[in-house]
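Asks: Predicted model follows, preceded by the sequence.
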Amino acid sequence: MKNLQNKVAELFENGTINLMIGFKEAIHKLPVPCFIDNVSQIEQLIFTPSCKGNLAVYLHKIEIKQAKKVGILGNIATLRSLVQLTSENQLGDIVKTVITINAQGEVVVFSTMDEVEAYVQANFPEYTDEDKKLLEQLNAMTRAERWQYWTEQFSACIKCYACRAVCPMCYCPTCTVESNQPQWIKVSSQTTGNLEWHTMRAMHLAGRCINCGECGRICPVGIPVHLLTAKMNQEIEDEFGAKTGFSCKSGYALNTFKPGDKEQFIK
Amino acid sequence: MDFEPKIVAFVCNWCTYAGADLAGTSRTKYATNVSIIRFPCTGRIDFMLLMKAFENGADGIIVSGCHPNDCHYTSGNFHARRRWIVFRSVLDFMGFDTDRITFSWVSAAEGTKWAGLVDETTEKIREKGAFTDFKKLDVETTNQMIDEELAK
Amino acid sequence: MNIYNIKSSQLAAFFDQLIKSGKMVIAPVLKKNGKVFFEAVQSYDQISTDYIQTGFSAKSVVFPKVEELFSFNKTQDGIEITNNLHTIPETVVWGLRPCDASAFNYLTEFFLKENPDTYYAARKEKTTLIAISCAKADDACFCTSVGLNPGSTAGSDVLLTVMGENVYVEVLTEKGTAAIETSSALFTASEEKSKEEFLAKITTVFSIDEVKERIKTAYDSAEWKNASMGCFGCGACAFACPTCTCFDIQDEGTQDSGKRLRCWDACGFGLFTKHTSGHNPRTNQTERRRQRLLHKFKYSVENLGIVSCVGCGRCIRVCPAHLNIFQNILSVTAP
């Protein structure tokens, strides 16, 4: 950690950044997000494999945008988020430094998004074993079994929108669920309304989600919502060859098209 | 009373709606189970509309527009096609019966095709039976749980 | 208060008798994903006995996440309006912790004090609370800092404290007596005993009296910004909290028939305070989180005389960023 902390201290001292978004240890020895704006706070900064949050989500906060010179710590998922957000023109100019720790334990510092992109493309991750297993299980079920599985899961959903809040791609100032003329997605957390919400979320994230899995990890009820978006990304990659969080200049699969897109189901 | 399926059709104004019109002026007889909703283009069709149709009582859905390369707005149907590919995949993954939704390209000259499509879809849905999956999920408040408990 | 003893091995029989007596019993159940939630159960072997705290509180028994206030139906003769108040069953909540039980005292003050809420009243009337003292706690628990303790009887109808092979039973109310009487043969009268050695040891992080005093002038503290930076503005803390009572009213249906629903809402949501004029008095998360914490420790004291936080720690556990309410209170009230 000393290497990391020294590097960050340097960046503060030479004026490259005035705010560092990273992790610190907190209750239950859990790493939690921390926001350092002063060299004196550097010692709390940590970055270990158990640092699971996707910090890119904070880049949309008003207080962070005001800082103007932001450094951010990230695992590969966060880096992919940054690449995807760049391709969607959401970052502006505020991110000055991106830091990660590679597989060899070395601190790697990027000063431009192109550098981040190169690193991401060289280290593009796969699904975790746990997720692969769950996806396989779901794919192997019959349609009726899948319906049973998802409606049971969604009946427990409480519409806390933590899945939306924690997603770096959900940055709409007014989410579809918040428009009420008409109330397009039901507010009540009954299974039909929950189904509407999760379908809508999966569709709005299809081709944009970078599979960090945070939404499923933090769901207070334990619904694996990240599998819906993971499945969608798989579809989009298979059908249209588009990988999310891969290039700073990629388009969005659902607002582009190829005249030769193939399907079997249109009569 | 025999089950008569309720079919909702989301169609584009320039091709399929005109095709349905042609079926009408040609006095083609076809199933009356369909309620047609006219859109300027299939590109306008929001995937949630399909879900809402099922929630509000539809047993089957038809979504139809101009053939690729013939879209009145040049590329609306291309965007729609991509959206449908992804949406069908979400629905299937969640265990929804995607056979209840029929997608097609019907041009303004294809009145007969339209009639045939409606007949075919109506028959298919009639065989499948009424769509009750959403109704069964309805109103799962504590009240319903309580009713069930009391009934025991 | 009446004190009894029941053998630990007989708890299952008592539990099953409550079910046989026709009550709906809600108890903690271990789910496949490893989390424990309150659910309606049919027998003792379905419940979890080895948990520190459930994911969500038991408030949904008296304040459900979705509650149908009434339904309406247009007929030829006019509009029919019906409600389900008469279908609420006798309910027993088993296994809530002393912090959760004391939360019900706050809920009752909130819902019944000035304009009594018919729905809350109807449900609370039919609810019996059988709490179990805490033998274990984790770092998120801080009930001793808000004037409670792991063996507190506040709010319970019956409090059970496991003491090895025996269970110390404190019956606080008539409802509690009625519950015991479903299996009176299993209970024997007992003398008063100290629960101390069987209760979890919980670190006290602040003095509630000091906090109540200092928080009166904490509104402008610069620490609020630091306390709220990690907050994304979801509703998880409010929904998990046993004393959060904010709700939204939604009408669902068509012109001919439908229902009016009361659904949980959370002050953490960005649009919670948006006015129809378009003005939003709380425009950033710092202001929203400050409101939440001040409500728990200042505004509810001013309005109802009770600190509404019960130290259960659920907000800390469910928060995606693990924001820590007691650490934040300490920092904003630091001298």
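Replies: Cool, the structure landed.
Asks: Look at the closest residue to chain B within chain A and report its pLDDT.
Replies: Per CB to the nearest CB, residue A:147 is where chain A lies closest to chain B, at 2.8 Å. (Glycine included, C-beta is placed from N, CA and C.) For residue A:147, the model assigns a pLDDT of 93.
Asks: how does chain A divide up, domain by domain?
Replies: Per the record, chain A has its domains at A:2-122, A:129-255, by automatic domain parsing.
Asks: Any idea how far apart the tips of stretch A:44-52 sit?
Replies: 17 Å (CA to CA, to the nearest Å).
Asks: re earlier: for the residue of chain A closest to chain B, which non-adjacent residue is spatially closest?
Replies: For residue A:147, ignoring the flanking residues on the chain, the nearest one in space by CB to CB, 6 or more residues apart in numbering or on different chains is residue B:95 at 2.8 Å.
Asks: pretty sure the one you found contacts residue A:152?
Replies: No: Residue B:95 is not in contact with residue A:152 according to CB atoms under 8 Å; the separation is 10.7 Å.
Asks: Give me the number of neighbouring residues for the residue lying closest to residue A:17 once chain neighbours are set aside.
Replies: The shortest distance from residue A:17 to any non-neighbouring residue, by CB to CB, 6+ apart, is to residue A:71 (3.9 Å). For residue A:71, the neighbour count with other CB atoms under 10 Å in any protein chain shown is 23.
Asks: Close to chain B: what parts of chain C are there?
Replies: C:24, C:40, C:60, C:64, C:66-68, C:84, C:87-89, C:259, C:261 (CB under 8 Å from any CB of the partner chain).
Asks: mind showing which ranges of the stretch 201-335 of chain C have poor pLDDT?
Replies: Within the stretch 201-335 of chain C, no stretch has pLDDT under 70.
Asks: In chain B, which residue sits nearest chain A?
Replies: For chain B, CB to the nearest CB, closest residue to chain A: residue B:95, 2.8 Å.
Asks: contacting residues for that residue?
Replies: A:141, A:143, A:144, A:145, A:146, A:147, A:148, A:149, A:150, A:151 (CB atoms under 8 Å, 6 or more residues apart in numbering or on different chains).
Asks: residue boundaries of the helices in chain B?
Replies: B:18-25, B:47-55, B:76-93, B:111-128, B:133-137, B:142-151 (DSSP state H).
Asks: Chain C: which of those helices is closest?
Replies: Going by CB to the nearest CB, the one of these nearest chain C is helix B:142-151, 4.3 Å.
Asks: Contact partners for the most centrally placed residue in chain B?
Replies: Among the residues of chain B, the one closest to the centroid is residue B:61, at 1.6 Å (CA atoms, centre = their mean). By CB under 8 Å, 6+ apart, the contact list for residue B:61 reads B:7, B:8, B:9, B:10, B:50, B:53, B:54, B:100, B:101, B:102.
Asks: Export those residues as TSV, with columns for pLDDT and neighbour count.
Replies: Formatted as TSV, these follow (pLDDT from 0 to 100; neighbours: other CB atoms under 10 Å in any protein chain shown):
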residue	pLDDT	neighbour count
B:7	96	25
B:8	96	23
B:9	97	27
B:10	96	24
B:50	94	22
B:53	94	22
B:54	93	22
B:100	95	21
B:101	96	23
B:102	95	22
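Asks: anything in stretch A:167-180 sitting right up against chain C?
Replies: Yes: interface with chain C: stretch A:167-180 contributes A:174, A:178 (CB under 8 Å from any CB).
Asks: So what sits opposite the residue lying closest to residue A:22 once chain neighbours are set aside in the bridge?
Replies: Leaving aside its sequence neighbours, residue A:22 sits nearest to residue A:73 (CB to CB, 6+ apart; 4.0 Å). Judged by DSSP bridges, the bridge partners of residue A:73 are residue A:99.
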